[in-house]
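**Student:** What follows is a protein structure lacking sequence information:
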């Protein structure tokens, strides 16, 4: 209801008044259209913002996981390199006959000519 109808005032019927009412209605339609468009754009912007933030959070978590995985693999790689170095040194030692003889005496109780091997117990020492 318009304000004129509330007051029970008579309405003037001429082309100027009709034109002014039409202008008011057009302005109101434009305002409603503008409000609807702005609301729609705001909804799209909010959805885009939510998707962008969730994507960034997901990527950040994946990146942190990959960094942690990389650190673990680097540690493992360093241990493997150290083990490789030790194995290379062992290969060099195994090419030495004196080293092989020492290992054979220690682990397999083999003796050289004229040697006698005494096996001493490991652990507690006898006290007198």
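**Tutor:** Yes, it's here. This structure is a prediction, so every number in the text was calculated from the model and none was measured.
**Student:** In the chain, spot the helix with the most residues.
**Tutor:** In the chain, taking DSSP state H as the definition, the longest helix is helix 15-94.
**Student:** Now the element after that helix, going C-ward?
**Tutor:** Counting by DSSP states H and E, the next helix or strand C-terminal to helix 15-94 is helix 97-108.
**Student:** what's residue 24 in contact with, if anything?
**Tutor:** Residue 24 makes contact with no residue, according to Cβ atoms under 8 Å, 6 or more residues apart in numbering. Yep, even glycine has a C-beta here, placed from its N, CA and C like the rest.
**Student:** can you state the direction angle for the longest helix of the chain and helix 97-108?
**Tutor:** 90 degrees (axes from the mean of the first three to the mean of the last three Cα atoms, to 10 degrees).
**Student:** where's helix 15-94 relative to the chain centroid, distance-wise?
**Tutor:** Helix 15-94 sits 12 Å away from the centroid of its parent chain (Cα atoms, centre = their mean, to the nearest Å).
**Student:** same question, stretch 114-122
**Tutor:** With Cα atoms, centre = their mean, you get 61 Å for stretch 114-122.
**Student:** Now do it: distance from first to last residue.
**Tutor:** Terminal residues of stretch 114-122 lie 25 Å apart, using Cα to Cα, to the nearest Å.
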